[in-house]
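Student: Sequence and predicted structure below; questions after.
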Amino acid sequence: MAADLGPRAMFVAGGTDLFPKLKRRQFDVEALIGLGFLSDDVRSSAGETAVGSGLTLAAAAVDPHLRDAFPGYAQAAGLVSSPPLRNAGTTGGNLCVDTRCNYYDMTFEWRKAAGFCLKKDGDICLVAPSSPRCWALSSSDTAPMAIALGGLVTLAGPDGDRELPVAALYRDDGIDYLAKQPSEVVTELRLPRDDGVRSAYVKLRRRGSIDFPIAGAAVAMRMEGDTVAACRIVLSAVASHPLEVPEAAEFLVGKRVDADTIRAASEIAAKPAKPLDNADLSHFWRKRMVRLVVERALAGASDQVGVLGG
Ligand SMILES: Cc1cc2nc3c(=O)[nH]c(=O)nc-3n(C[C@H](O)[C@H](O)[C@H](O)COP(=O)(O)OP(=O)(O)OC[C@H]3O[C@@H](n4cnc5c(N)ncnc54)[C@H](O)[C@@H]3O)c2cc1C
Ligand code: SF4
């Protein structure tokens, strides 16, 4: 159906992001293709855990295996939005969720009055008018964690199934943000099992519930004794794609985790984050907060929460 209908159709899973956007006329489609048939199983083998894309975020957040083997992923799922939306929203939908911008996530009437923008119906970016591109923000909570954990997605399309690292699912483009074919469905997320890897996700938002991240940090870390053997750090809501910061991770490898190394790595991690004025709260303040969310995620993943003090 998706291949036949092309841009006239969209997939819908939980509908928690899509339905509000349809009401605001952010998409013009004639048909919705329901994904209610997707598996909601969590299957674990020696080498990996497969999370069916139909699993709700609420179920992922409390799944005993995910909480034990991938605590950062369960934390991220449990921090999405609010309980009613987590009961309907799916893990697959969270990986594919649209990018966000204050000038775009508005009613049709608001956008018409303010002037339409590049992402929908217009020909200019209202955040960066001289820019030829859209800077809408990747705002998924689970995508950065899935990347930090080295996850793969399985895509099913008209030509069969294929696998892709989660990191390769995203483009640095606020409009064309997914690198998959529009007719491909994300059927599962596969997380490599490594009992030595610890993970944590820390999210910043205005309120304790409902709000999308305005900065977030996902950390997966392997320790050998008290030194870091491997590490991946991925930021949310600071770019049009989940932003991996390998320089900070490389800095940590071979070092003991203490307050000084955590602070130094967080400074490095925050450098590439350049928030624009298109999300909640001041972008200058959001930029300053990136360092802090990384500090807390690093401390959480290394069980060193106490070292940072107040
Ligand atoms: C008030 C509010 C607050 C929110 N807060 C957050 C938040 O804090 N963090 C956050 O990450 N999200 C948030 N969301 C967005 C949304 O609820 C979640 O991202 C949710 O996980 C989306 O999943 P879904 O199954 O409902 O997706 P849908 O709304 O059904 O779909 C979202 C998009 O993904 C596509 N899609 C869905 N599933 C698949 C699939 N398996 N394969 C291919 N394409 C697919 C759809 O076509 C659509 O483009 C919020 C939404 C609202 C309305
Ligand atoms: S970043 Fe610019 S083009 Fe993209 S949604 Fe916002 S205003 Fe529109």
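Tutor: Cool, got the structure. Ligands and ions are numbered 1, 2, ... in the order given.
Student: which helices and strands sit right next to whichever helix or strand Leu155 is part of?
Tutor: In the assignment (DSSP states H and E), Leu155 maps to strand 152-157. Judged by 3 or more Cβ pairs under 8 Å, 6 or more residues apart in numbering; DSSP states H and E, strand 152-157 is in contact with strand 160-165, strand 185-192. Every residue, glycine included, has its C-beta placed from N, CA and C.
Student: Around ligand 2, which positions in the stretch 201-310 of the chain sit nearby?
Tutor: The stretch 201-310 of the chain comes close to ligand 2 at residues Asn278, as judged by Cβ under 6 Å from any ligand atom.
Student: check contacts around the residue of the stretch 201-310 of the chain found nearest ligand 1.
Tutor: Relative to ligand 1, the nearest point of the stretch 201-310 of the chain is Phe212 (4.3 Å; Cβ to the nearest ligand atom). By Cβ atoms under 8 Å, 6 or more residues apart in numbering, the contact list for Phe212 reads Ser81, Arg100, Ser139, Arg205, Ala237, Ala279, Asp280.
Student: How about the backbone phi and psi for it?
Tutor: Main-chain dihedrals, Phe212, degrees, to the nearest 10: phi -70, psi 160.
Student: in the stretch 201-310 of the chain, which spans are helices?
Tutor: Remark: helices assigned in the stretch 201-310 of the chain by DSSP state H, counting those that start in this stretch are 246-252, 259-270, 283-301.
Student: For Leu126, which of those is the nearest?
Tutor: Relative to Leu126, the nearest member of these by Cβ to Cβ is helix 283-301, separated by 14.3 Å.
Student: The residue in the chain positioned nearest to ligand 1: what secondary structure?
Tutor: Nearest residue of the chain to ligand 1 (Cβ to the nearest ligand atom) works out as Gly93 at 2.3 Å. State at Gly93, reduced to three classes by DSSP: H, G, I helix; E, B strand; the rest coil: helix.
Student: Report the contact partners of the residue nearest to Arg190 when sequence neighbours are not counted.
Tutor: Beyond its immediate neighbours in the sequence, the residue positioned closest to Arg190 (Cβ to Cβ, 6 or more residues apart in numbering) is Leu152, lying 4.6 Å away. Neighbouring residues of Leu152 by Cβ under 8 Å, 6+ apart: Glu163, Leu164, Pro165, Val166, Leu189, Arg190.
Student: what's across from the fifth one in the sheet?
Tutor: Listed beta-bridge partners, Leu189: Val51, Val153 (assigned using DSSP bridges).
Student: quick one: contacts for it?
Tutor: Ala50, Val51, Ser53, Thr91, Gly92, Leu95, Ala146, Gly151, Leu152, Val153, Val166.
Student: Glu267: which of those is nearest?
Tutor: Closest to Glu267 out of these is Ala146 (25.4 Å), distances taken as Cβ to Cβ.
Student: Gly174 is in contact with Arg133, isn't it?
Tutor: Yes. Counting by Cβ atoms under 8 Å, Gly174 does reach Arg133; the two are 7.0 Å apart.
Student: And the two? Which one has more around it.
Tutor: Gly174 (26 against 14; other Cβ atoms under 10 Å).
Student: Please report the distance of the closest residue in space to Tyr170 that isn't next to it in sequence from Gly225.
Tutor: Nearest residue to Tyr170, sequence neighbours excluded (Cβ to Cβ, 6+ apart): His241, at 3.9 Å. The spacing between His241 and Gly225, counted by Cβ to Cβ, to the nearest Å, is 34 Å.
Student: Same question for Gly216.
Tutor: Per Cβ to Cβ, Gly216 is found 29 Å from Gly225.
Student: Settle it for me: which of these two has more neighbours?
Tutor: Gly216 (29 against 7).
Student: How about the more buried one, nearest residue that isn't a chain neighbour?
Tutor: Nearest residue to Gly216, sequence neighbours excluded (Cβ to Cβ, 6+ apart): Ser236, at 3.5 Å.
Student: which element is Lys112 on?
Tutor: For Lys112, the element it lies in under DSSP H and E is helix 108-114.
Student: Select, from the contacts of Phe212, the two members most distant in space.
Tutor: Pairwise distances across the contacts of Phe212 (Cβ to Cβ) peak at 15.3 Å, for the pair Ser81 and Ala279.
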